[in-house]
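K.L.:
the sequence and its predicted three-dimensional model are supplied below.
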Amino acid sequence: MPCPRHDDGGAGRPGASASVSRMPWTFAAELVEWRGPAPFVFAPMPTAMSAELKEAARHLMYWGQIPVSATIGDTRFDTAVWPKDGRFLVPIKMNVRRAESIDVGDVVSIGLEVRTGRLRS
């Protein structure tokens, strides 16, 4: 029985892979900050869901990252999730934080789907 978060990944469509989901993974996460040379804000993906995503998109991984399209509220954006401590972190861009009036410490609902095509402008 297929997982309710996943469809057939576009099987039957030209160029589509049956192993990659087009249906989003949806989860809630508290936004956290990582301070390096510049501050970054991330939404940690749950560990079990991260394992599902890693398996579904293993052939798209580069340097441990997976390209995704993410949605928070009314804002959709392209990014790549980063592996950290057995799960993925979703980088939350400044323009997304401004558009959705969110910041570090806020809990947000995020939808992710694997991005197999080119970046949207």
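P.N.:
That came through, no problem.

K.L.:
longest helix in the protein, please.
P.N.:
The single longest helix within the chain, with elements called by DSSP state H, is helix 47-56.

K.L.:
quick one: strands adjacent to the helix or strand following that helix?
P.N.:
The helix or strand immediately downstream of helix 47-56 is strand 66-72, counting by DSSP states H and E. When sheet partners are counted by DSSP bridges, strand 66-72 sits next to strand 75-84 (antiparallel), strand 107-114 (antiparallel).

K.L.:
so what's residue 115 closest to, chain neighbours aside?
P.N.:
Using CB to CB, 6 or more residues apart in numbering and skipping residues adjacent in sequence, the residue nearest residue 115 is residue 67, 4.3 Å away. Using the backbone N, CA and C atoms, a C-beta is placed for each residue, glycine as well.

K.L.:
shouldn't the one you found be in contact with residue 80?
P.N.:
Yes: proximity of residue 67 to residue 80 meets the contact threshold set by CB atoms under 8 Å, at 4.9 Å.

K.L.:
in this protein, what spans have low per-residue confidence?
P.N.:
Applying pLDDT under 70 to the chain picks out residues 1-23, 36-38, 117-121.

K.L.:
if we can go back for a sec, now the angle from the longest helix of the chain to strand 107-114?
P.N.:
Relative orientation of helix 47-56 versus strand 107-114 (axes from the mean of the first three to the mean of the last three CA atoms, to 10 degrees): 20 degrees.
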